[in-house]
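Engineer: sequence? don't have it. structure:
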């Protein structure tokens, strides 16, 4: 069973671990790759793709709580659209 943690707390803990411990070891060397950070065990799992990082983390600790971070970026995922897109159609499923 996974420990009960508020999602906001997972983000807070994960970002603190990244900024204070991991950032200096990863930024500049692994930019645009992904870290899944186990906020309970304070372990990180590096992969080129986000799903691979999470798979490694969950395989190592099925009961862990993970924070996903794109190295060297302020956000893990970016969204954009072109002016010609049918935004109404895209947003209907949300």
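Structural biologist: Happy to help now that I have it. Not measured: the values here are computed from a predicted model.
Engineer: For the rest of this, base every contact and every neighbour count on C-alpha atoms.
Structural biologist: Will do.
Engineer: Give the helix, strand or coil label for residue 45.
Structural biologist: strand (DSSP: H, G, I helix; E, B strand; the rest coil).
Engineer: Provide the partner residues of it in its beta bridges.
Structural biologist: Beta-bridge partners of residue 45, counted by DSSP bridges, are residue 36.
Engineer: can you pull the contacts of it?
Structural biologist: Shown in contact with residue 45 (C-alpha atoms under 8 Å, 6 or more residues apart in numbering): 35, 36, 37, 53, 54, 56, 57.
Engineer: residues contacting the fourth one?
Structural biologist: Read that as residue 53. Contacts of residue 53 (C-alpha under 8 Å, 6+ apart): 34, 35, 36, 45, 46, 47.
Engineer: Let me have the contacts of residue 45 in CSV, extended by distance to residue 4.
Structural biologist: Below are those laid out as CSV (distance: C-alpha to C-alpha, whole Å):
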residue, distance to residue 4
35, 22
36, 18
37, 16
53, 22
54, 19
56, 21
57, 18
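Engineer: all strands for the chain, in order.
Structural biologist: 34-38, 43-47, 66-70 (DSSP state E).
Engineer: relative to strand 66-70, how tilted is the second one?
Structural biologist: Okay, so that is strand 43-47. 40 degrees (axes from the mean of the first three to the mean of the last three C-alpha atoms, to 10 degrees).
Engineer: Sketch out the low-pLDDT regions of the chain for me.
Structural biologist: 1-3, 75-94 (pLDDT under 70).
Engineer: Tell me how many other residues crowd the residue nearest to residue 30 when sequence neighbours are not counted.
Structural biologist: Distances taken as C-alpha to C-alpha, 6 or more residues apart in numbering put residue 71 closest to residue 30, at 6.5 Å, once the chain neighbours are dropped. Number of residues near residue 71 (other C-alpha atoms under 10 Å) recorded here: 22.
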